[in-house]
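Undergrad: could you work out the structure for the sequence below:
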Amino acid sequence: MIDAVYNTKVDDGRVARVSSLVSTAFGGPLKDSEEWVRSQGLSDIRTVERAGDGRVDACLRRIEMGQFYGGRSVPMVGIAGVAVAPEARGGGLARWMMQKALEEMFEKGEPLSALYASTQPLYRQVGYEQAGHRMSFTVPMAEIDLRERGGKADGHSWETVELEAIGRLHAPYRAFAARFDGMLDRGTYVWKRKFDMRGQKGVAYASVSGAEIDAYAVVMQKRKDSGRMTVELSDLAFTDAAAGRRLLGMLHDYASMADELVFYGGPNHPLLHLLGQ
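TA: Modelled structure (predicted):
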């Protein structure tokens, strides 16, 4: 029997302990862990506290968003930062906390939940299972076919979109994502991670005609020991095939210093269908 309290209202006085749990569980610097805990406010942090003395022994973060199915956004809760103090492990506390988290979702009428499992047995015990795919694609720059590139001649230009103006990307992303079952209807947390992935900063470039964005990519450049680089995309979207070809053309312009393009998605990512090979 677990003699503890699942706390849904975490105050500032618990931040130090929660940050310490996250830092210990994931091996990151304490300063970075505290920044992560505070990054969205504390309303989505949950703690498990010992009955009696109130010591925080476990924690997690809820991330409210949605998933697209049949073109419709279905509410979904992501789970992150599941951590248990070393001295409190081995007694079923993590499983109990996850059960309480799922009960909270049920009470709120939230139909879906997803996470990246660091260990399968824990999450399978409370009902999670493997689903979907996330694949890494590496495309040599020489394989990007530019015969149907398109560009400024057809009334489009490329603009940089700063993090402060990220809202400009929401509509083209949703138009893209709604066409593919399982893609996220993102909230603030996920959008920010597209621009700052564990300290690596991305820059967004958008294809613009008038006030409309029909394609964009968030680009991260990774320098190799050879002095050349890899162009990695933390995010991309396009509204039609022509916009997708413009996007490939813009990315190919890195070829003078980049050897390959890397992006992520499912096995039938639409960008694959625009490549010659």
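
Undergrad: can I assume residue 21 sits in a helix?
TA: Yes. Assessed by DSSP: H, G, I helix; E, B strand; the rest coil, residue 21 belongs to a helix.

Undergrad: pull the number of nearby residues for it.
TA: 25 (other C-beta atoms under 10 Å). Placement of C-beta: from N, CA and C, glycine included.

Undergrad: what mean pLDDT does stretch 80-91 get?
TA: Mean pLDDT, stretch 80-91: 96.

Undergrad: got it, and stretch 30-41?
TA: Rounded mean pLDDT across stretch 30-41 is 95.

Undergrad: contacts for that stretch?
TA: 15-16, 18-20, 22-23, 26, 45, 61, 81, 188-189, 192, 199 (C-beta atoms under 8 Å, 6 or more residues apart in numbering).

Undergrad: next one: stretch 247-267 to chain centre, how far?
TA: Averaging C-alpha positions (C-alpha atoms, centre = their mean, to the nearest Å) puts stretch 247-267 20 Å from its chain's average.

Undergrad: tell me which strands the helix or strand of the chain with the lowest mean pLDDT pairs with, and in which orientation.
TA: When the helices and strands of the chain are scored by mean pLDDT, DSSP states H and E, strand 196-197 comes last with a mean of 80. Strands that pair with strand 196-197, judged by DSSP bridges, come out as strand 200-201 (antiparallel).

Undergrad: immediately after the strand it pairs with, which helix or strand?
TA: Next helix or strand after strand 200-201 toward the C-terminus (DSSP states H and E): strand 203-209.

Undergrad: tell me, how many residues neighbour residue 30?
TA: Residue 30 - counted by other C-beta under 10 Å - has 13 other residues nearby.

Undergrad: now do the helices in the stretch 101-250 of the chain.
TA: 120-125, 170-177, 188-195, 241-252 (DSSP state H, counting those that start in this stretch).

Undergrad: now do the buried residues in the shortest one.
TA: Within helix 120-125, the residues that qualify as buried are 122-123, counting by 16 or more other C-beta atoms under 10 Å.

Undergrad: cool, the third one as well?
TA: Judged by neighbour count (16+ other C-beta under 10 Å), helix 188-195 contains these buried residues: 189, 191, 193-195.

Undergrad: Serialize the helices of the stretch 101-250 of the chain to a markdown table and add fields for mean pLDDT and distance to residue 267.
TA: Below are the helices of the stretch 101-250 of the chain laid out as a markdown table (pLDDT from 0 to 100; distance: least, C-beta to C-beta, whole Å):
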| stretch | mean pLDDT | distance to residue 267 |
| --- | --- | --- |
| helix 120-125 | 95 | 22 |
| helix 170-177 | 96 | 17 |
| helix 188-195 | 92 | 21 |
| helix 241-252 | 93 | 17 |
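
Undergrad: residue 142: which of the ones you listed is closest?
TA: helix 241-252 (9.3 Å; C-beta to C-beta).

Undergrad: shaky segments in the stretch 151-277 of the chain?
TA: 151-154 (pLDDT under 70).

Undergrad: switch the helices of the stretch 101-250 of the chain over to TSV; also include distance to residue 259.
TA: Listed next are the helices of the stretch 101-250 of the chain as TSV, based on distance: least, C-beta to C-beta, whole Å:
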stretch	distance to residue 259
helix 120-125	36
helix 170-177	27
helix 188-195	23
helix 241-252	12
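
Undergrad: one step back: what subset of the contacts of stretch 30-41 is buried?
TA: 15, 18-20, 22-23, 45, 61, 81, 189.
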